[in-house]
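Q: sequence first, predicted model second:
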Amino acid sequence: MAICVITGVLAAAILGAYLQQLNSKNVVFVQGPSVSGHVEQNSYKLGDTIQIHIVNSGTTKIAFSDDSPGIIVRALDGTVFFTTTLSEQLEPAQKHTFEWNQQKNDNSKILEGRYVIEIIAHDESGKRISDSFTLDLLK
């Protein structure tokens, strides 16, 4: 009996830690097509490599188009600094990580400030779905 209780407590703790981690990344799973994006922290130093995590947070397969950007980095005023296409297809709950080196499309370095990261995908019928979040780049 003691083994069962200890096993149950450990399993609950591990599951709780996992769910807390998902919640801290603001990933909310929904019925139907959905995409979510997040990074590990809210601010980075200039020059750091940033891992952008893209999660299929829906219940259907999603894909990225070769004809349009899958990731857009822009200033708060809408000025676009970086775009890239992705050729991934993600099954429900599947994750893809993209590493951004803080360079603009012209290969110059980005300046400090607050930026919007937008993730754009398409559902199986071709309908656009997206998510966005902000991050700060500091000296």
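A: Received, thanks. Numbering: from 1, shown residues only.

Q: got the residue ranges for the strands in this structure?
A: Listed in chain order, the strands of the chain (DSSP state E) span 35-38, 43-45, 50-56, 62-63, 71-75, 80-84, 89-90, 95-100, 113-122, 128-138.

Q: out of these, which is closest to residue 2?
A: Of all the strands of the chain, strand 95-100 sits nearest to residue 2, with 37.4 Å by Cβ to Cβ. Heads up, the C-betas are built off the backbone N, CA and C, glycines and all.

Q: can I get the closest one as PDB, trimmed to CA atoms?
A: What follows is strand 95-100, C-alpha atoms only, in PDB (Å, rounded to 0.1, in the frame of the first residue of the first chain):
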ATOM      1  CA  LYS A  95       6.600  21.400 -31.400                       C
ATOM      2  CA  HIS A  96       9.200  23.000 -33.700                       C
ATOM      3  CA  THR A  97      12.000  25.200 -32.500                       C
ATOM      4  CA  PHE A  98      13.500  28.000 -34.700                       C
ATOM      5  CA  GLU A  99      16.800  29.700 -33.600                       C
ATOM      6  CA  TRP A 100      16.900  33.400 -34.500                       C
END
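
Q: run me through the strand neighbours of it, direction for each.
A: Counting by DSSP bridges, the strands paired with strand 95-100 are strand 50-56 (antiparallel).

Q: contact partners of the partner strand?
A: Residues outside strand 50-56 that contact it (Cβ atoms under 8 Å, 6 or more residues apart in numbering): 25, 27, 34-40, 44, 62, 70-71, 86, 88, 90-102, 117, 119, 121, 135.

Q: please identify the buried residues of it?
A: The neighbour-count check on strand 50-56 (16 or more other Cβ atoms under 10 Å) flags 50, 52-56 as buried.

Q: looking at these, spot the one nearest residue 81.
A: Of all the buried residues of strand 50-56, residue 81 sits closest to residue 50, with 13.0 Å by Cβ to Cβ.

Q: nearest spatial neighbour of the closest one, skipping sequence neighbours?
A: Leaving aside its chain neighbours, residue 50 sits nearest to residue 100 (4.8 Å; criterion: Cβ to Cβ, 6 or more residues apart in numbering).
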